[in-house]
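**Q** below is the structure, and that's it, no one-letter string:
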């Protein structure tokens with residue numbers, strides 16, 4: 001029987017090592033590839049990406065949309081950069097919807113879907129901008145042309161240089177601008193603008209992103225780091241907007257916990273791109289702390305509530321998968337920026353929560369919505385429409401804070417200058 005060395009201590013993996021643990025990174029890489037395998041049927045033969053049901057099958061009740069086509073172009077462009085066989089063709093077929101039947105050849109821009117040609121939404125166009133940048137990075141056919149067109153349309157139609165923010169919704173021919181202004185579309189515009197700046201080297205996009213971030217930080221500070229989502233045409237907050245539709249999928253009433261987490265991460269990406277803007281880091285901390293305090297396990301069960309009122313009381317208690325993914329990504333980003341164990345502890349806590357409740361171990365991908373008891377439901381998000389949020393959560397801990405996702409993956413795969 002071998003003798004035990006009393007001076008030798010057993011190897012213990014600390015919670016704080018998870019964001020940097022190579023073994024965990026191997027699991028993340030496998031999960032990335034599993035997600036891409038789940039969504040492979042998204043590509044529509046006529047161009048664009050289809051909404052997926054709970055088993056990854058195209059849902060015939062849902063039309064091909066600009067939002068999902070752009071998101072899946074981005075996701076599968078990243079898959080192509082990672083060398084996943086078949087990812088490039090899915091991305092290119094999704095992209096063909098953006099250069100084909102979803103595009104308005106007469107007035108420019110993109111319609112919401114093949115079934116809705118009535119408006120042009122800034123939210124959708126932000127994702128087209130992101131898709132173009134990611135497709136360009138991956139060298140996909142049509143990627144550069146899509147990016148050039150998306151840049152031109154977004155700068156001309158949605159960027160308001162006087163306000164330093166983005167407009168929300170036009171009519172189909174860009175003659176009437178709706179009076180509503182929203183932070184959700186601006187948030188995804190910041191992600192896209194930071195990505196475009198990293199891909200093209202055009203710092204005008206970085207400057208635009210920083211102006212939006214400054215407005216969000218200043219406004220959130222006045223609301224105890226809860227972010228007002230809705231505004232009128234003069235950018236005056238509308239705190240009671242959609243009080244009668246509290247679970248709206250894109251414009252819910254009150255403070256959206258997941259957006260505090262998402263903005264926290266975006267602030268750190270912006271600071272990494274422009275280190276002189278050091279105020280971004282402390283604002284990221286404040287947004288994160290408020291979101292966690294208001295949202296995590298506040299009703300006695302694990303999980304993030306969807307929304308709260310302006311005092312932090314939960315309004316919609318369902319758990320949306322994207323909130324957990326953004327919590328994971330924010331914790332990884334904060335750990336990378338500050339190196340504090342508390343962020344690593346949260347990172348592991350939320351991956352454990354996802355593994356217990358949100359990952360569908362039988363059919364794949366993530367349940368997109370749980371009720372307050374963590375049971376899958378679909379009142380807001382039927383099926384598993386796309387992979388955007390969950391796939392990004394598998395990458396944040398493995399990448400630097402700048403550049404953004406697709407160019408960072410490109411450098412990870414090929415680190416040559």
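**A** Cool, the structure landed. Keep in mind it's a predicted model, so treat the numbers as computed, not measured. Numbering: from 1, shown residues only.
**Q** can you show me the strands along this protein?
**A** Secondary structure of the chain by DSSP state E: the strands cover 119-121, 159-160, 165-166, 169-171, 181-182, 230-231, 255-256, 307-308, 314-316, 319-320, 369-370.
**Q** give me every residue that touches residue 277.
**A** 210, 270-271 (CB atoms under 8 Å, 6 or more residues apart in numbering). The C-beta positions use only the backbone N, C-alpha and C, and glycine is treated the same way.
**Q** dump these into JSON lines; add distance to residue 199, pLDDT and neighbour count as well.
**A** JSON lines is the format used below for the contacts of residue 277 (distance: CB to CB, whole Å; pLDDT from 0 to 100; neighbours: other CB atoms under 10 Å):
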{"residue": "210", "distance to residue 199": "17", "pLDDT": "98", "neighbour count": "22"}
{"residue": "270", "distance to residue 199": "16", "pLDDT": "98", "neighbour count": "26"}
{"residue": "271", "distance to residue 199": "19", "pLDDT": "98", "neighbour count": "23"}
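**Q** skip the chain neighbours and tell me the closest residue to residue 285.
**A** residue 334 (7.0 Å; CB to CB, 6 or more residues apart in numbering).
**Q** same question, residue 70
**A** residue 127 (3.6 Å).
**Q** need the longest helix for this structure.
**A** When the chain is parsed with DSSP state H, its longest helix is helix 203-222.
**Q** where in the chain is pLDDT low?
**A** By pLDDT under 70, the low-scoring segments of the chain are 1-16, 415-417.
**Q** circling back: touching, the residue nearest to residue 285 and residue 344? I think so.
**A** No - look at residue 334 against residue 344 with CB atoms under 8 Å: they stay out of range, at 9.3 Å.
**Q** so where do the helices sit in the protein?
**A** So, for the chain - with DSSP H - the helices run 22-38, 66-81, 87-99, 122-137, 143-153, 183-200, 203-222, 257-273, 279-295, 321-338, 341-353, 388-393, 405-413.
**Q** what residues of the last one count as buried?
**A** So the one you mean is helix 405-413. 405-411 (16 or more other CB atoms under 10 Å).
**Q** ditto for the third one
**A** Using 16+ other CB under 10 Å as the burial criterion, the residues of helix 87-99 that qualify are 87-88, 90-99.
**Q** now it: how far from the chain's centre is it?
**A** 19 Å (CA atoms, centre = their mean, to the nearest Å).
**Q** pull the residues that contact that helix.
**A** Counting by CB under 8 Å, 6+ apart, 36, 39-40, 42-49, 64, 66, 69-70, 72-73, 75-80, 110, 128, 131, 135, 138, 140-143, 145-146 sit against helix 87-99.
**Q** ok and that helix relative to helix 122-137, angle-wise?
**A** Going by axes from the mean of the first three to the mean of the last three CA atoms, to 10 degrees, helix 87-99 is angled at 140 degrees with respect to helix 122-137.
**Q** repeat that for the second one.
**A** For helix 66-81 against helix 122-137, the angle between stretch directions is 20 degrees (the same axes, to 10 degrees).
**Q** same for helix 66-81, what does it pack against?
**A** helix 22-38, helix 87-99, helix 122-137, helix 388-393, helix 405-413 (3 or more CB pairs under 8 Å, 6 or more residues apart in numbering; DSSP states H and E).
**Q** likewise the fourth one?
**A** Helices and strands touching helix 122-137, as assessed by 3+ CB pairs under 8 Å, 6+ apart, comprise helix 66-81, helix 87-99, helix 143-153, helix 183-200, helix 405-413.
**Q** got CSV for the ones you listed, with distance to residue 308 too?
**A** Putting the helices and strands packed on helix 122-137 into CSV (distance: least, CB to CB, whole Å) gives the following:
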stretch, distance to residue 308
helix 66-81, 26
helix 87-99, 35
helix 143-153, 34
helix 183-200, 16
helix 405-413, 29
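**Q** which of those helices sits closest to residue 364?
**A** helix 66-81 (14.6 Å; CB to CB).
**Q** got the buried residues for that closest one?
**A** 66-81.
**Q** which residues touch the residue nearest to residue 72 when sequence neighbours are not counted?
**A** Closest residue to residue 72 apart from its sequence neighbours, by CB to CB, 6+ apart: residue 49 at 3.7 Å. Counting by CB under 8 Å, 6+ apart, residue 49 makes contact with 42-43, 64-65, 68-69, 71-73, 94, 97, 386.
**Q** including distance to residue 301, could those residues go into a markdown table?
**A** Shown next, in a markdown table, are the contacts of residue 49 (distance: CB to CB, whole Å):
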| residue | distance to residue 301 |
| --- | --- |
| 42 | 32 |
| 43 | 38 |
| 64 | 37 |
| 65 | 33 |
| 68 | 31 |
| 69 | 36 |
| 71 | 30 |
| 72 | 32 |
| 73 | 36 |
| 94 | 37 |
| 97 | 40 |
| 386 | 27 |
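**Q** ok, of those residues, which one's closest to residue 165?
**A** Of the contacts of residue 49, the one sitting nearest to residue 165 (CB to CB) turns out to be residue 71, at 22.5 Å.
**Q** the closest one contacts residue 389, doesn't it?
**A** No - contact criterion CB under 8 Å: residue 71 and residue 389 do not qualify, at 9.0 Å.
**Q** ok, the buried residues of helix 66-81 vs residue 171, which is closest?
**A** residue 66 (15.8 Å).
**Q** please report how far the closest one lies from residue 104.
**A** Note on residue 66: its distance to residue 104, by CB to CB, to the nearest Å, is 10 Å.
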